[in-house]
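Visitor: need the 3D shape of this:
(chains A, B, C and D)
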There are 2 protein chains.
Amino acid sequence: MNGYSIPKATLGRLPQYLEYLRSLPEIRRTISATAIAKALSLGDVQVRKDLAVVSGAGKPKIGYETDKLITDIESHLGCERLTNAVLVGAGKLGRALLDYDGFEDFGVKIVAGFDCNETVLTKGTKDILPIRDIEVYCREHDVKLGIITVGQGSAQDVCDKLVESGIKAIWNFAPVTLNVPNGVLLKQENLALSLAYLNNQISK
Amino acid sequence: MNGYSIPKATLGRLPQYLEYLRSLPEIRRTISATAIAKALSLGDVQVRKDLAVVSGAGKPKIGYETDKLITDIESHLGCERLTNAVLVGAGKLGRALLDYDGFEDFGVKIVAGFDCNETVLTKGTKDILPIRDIEVYCREHDVKLGIITVGQGSAQDVCDKLVESGIKAIWNFAPVTLNVPNGVLLKQENLALSLAYLNNQISK
DNA sequence: GATCTTGTGTTAAAATATTAACAGTTCGAC
DNA sequence: GTCGAACTGTTAATATTTTAACACAAGATC
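Guide: Take a look at the predicted model:
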């Protein structure tokens, strides 16, 4: 659409590259697209094309500067500034995500969890607050992103509440299709989906 | 490639349809592609095309029989027979997945968890066994699928062990790129990836 | 029973994404 | 310095997906 948008397919692969590049030892100052392709089992041309979208040129025989590559991908992914997020639903999955620390590497910081429970919990690494305080909290902390890990029943309610609280995007783990107003981004996550896919492939 | 394969893009959407269809009230005997499209915010033609791949015809003005649709999608997804899976790594995420009961709806049953801990744990709904028993267990229970939720350090080791145990497919949550021999299917799950994507979209 | 609406199914067009082909650079070895 | 190997970057060809267009079918309404 607009002249500068990154192809969807490329965007989907960027985090993969980022992850791989970060896993490389410090000593490795440069890397070739061919090497990346091999490691991630993609086509080398594809890697080169993807990298061309987000970063500058590589040098023949040498490849790309790893540091620069990482920085460039990060900036295109919006990792350089941390976006605040809240999570609603402190069940098993919810708490697992709360304690998972890998998100900050991708520019998202979960600042608090919420649950219908009235009492404040501070058991894990992050506070779990009562849901009724969510709007005030979000406005105060400039929260842009909401993560929903409640059951089917209350997901839409929670979603509405998040929207009211001025959230810009929602990441939904509940197996329900949510209604959001225009302007709010919704990403449906379905873990079972990936499994189903795998299962299908096995059965051929 | 082969004459009967389902387009990749379609396959990715099938679980979504399935989930939605199942969420419908029993009374709803038929549904139109247009309605599905609206609910999932997809194009109506696309839905019709996807359904055409897996199921029979729909009737004008009426739509499709929900029951038949569900059955057909299930069969194409390989849900009709349960595939046994094991999970390795009983951290927070691992235990959350162990206790998550949504997978069986998609034909996958996690039969046990494994961890480096030597003592058998039976705290959650499923047993957590010591990792050294994994090969025997897998062979005995005809386990086809392995789920990895350990840290970066041991992921490759675990992976190798799973392969030795005769596993056919691996679902990896560890943020590492794994090496698997030909013939073993690997699906990399990266929760941070989805977040990064969202984050990028917000920042526009 | 004519007509309108809501749907389907199919064919063609447009947009995206992937793969292949090739010419040009840089470095290391001789 | 000349040659070859290891890479890049670009352009063209293919394959895949999505979107649009249209003709027809079934029920509802009058």
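Visitor: got the contact list for the closest residue to residue A:144 other than its chain neighbours?
Guide: Excluding the flanking residues, the one nearest residue A:144 by CB to CB, 6 or more residues apart in numbering or on different chains is residue A:168, at 4.7 Å. The C-beta positions use only the backbone N, C-alpha and C, and glycine is treated the same way. Residue A:168 makes contact with A:144-145, A:183-185, B:202, according to CB atoms under 8 Å, 6 or more residues apart in numbering or on different chains.
Visitor: and if we set it to 10 Å?
Guide: Counting by CB atoms under 10 Å, 6 or more residues apart in numbering or on different chains, residue A:168 touches A:83, A:143-146, A:162, A:183-185, B:198, B:201-203.
Visitor: tell me the one of those residues nearest DNA strand C?
Guide: residue B:201 (14.3 Å; CB to the nearest atom of the strand).
Visitor: is the host helix or strand of that closest one anywhere near chain A?
Guide: Assigned by DSSP states H and E, residue B:201 belongs to helix B:191-203. Yes. Under the criterion of CB under 10 Å from any CB of the partner chain, chain A is reached by helix B:191-203 at B:191-203.
Visitor: just the strands in chain A please.
Guide: For chain A, the strands defined by DSSP state E cover A:30-31, A:64-65, A:83-88, A:108-115, A:128-130, A:145-148, A:169-172, A:185-188.
Visitor: so what pLDDT did the residue nearest to residue A:144 get?
Guide: pLDDT recorded at residue A:168 is 88.
Visitor: next one: residue A:40
Guide: Confidence score, pLDDT, at residue A:40: 88.
Visitor: just give me the neighbour total for it.
Guide: 16 (other CB atoms under 10 Å in any protein chain shown).
Visitor: per-residue pLDDT of the residue in chain A positioned nearest to DNA strand D, please?
Guide: Residue nearest to DNA strand D within chain A: residue A:57 (2.7 Å; CB to the nearest atom of the strand). We have a pLDDT of 86 for residue A:57.
Visitor: cool, and residue A:37?
Guide: 94.
Visitor: what sits against it?
Guide: For residue A:37, counting by CB under 10 Å, 6+ apart, the contacting residues are A:43-48.
Visitor: the residue lying closest to residue A:50 once chain neighbours are set aside and residue A:48, how far apart?
Guide: Once flanking residues are discounted, residue A:50 sits nearest to residue A:10: 4.7 Å by CB to CB, 6+ apart. As defined by CB to CB, to the nearest Å, residue A:10 lies at a distance of 12 Å from residue A:48.
Visitor: report the contact partners of the closest residue to residue A:91 other than its chain neighbours.
Guide: Once flanking residues are discounted, residue A:91 sits nearest to residue A:149: 6.3 Å by CB to CB, 6+ apart. Counting by CB under 10 Å, 6+ apart, residue A:149 touches A:87-98, A:113, A:115, A:155, A:158, A:171-174, A:189, B:96.
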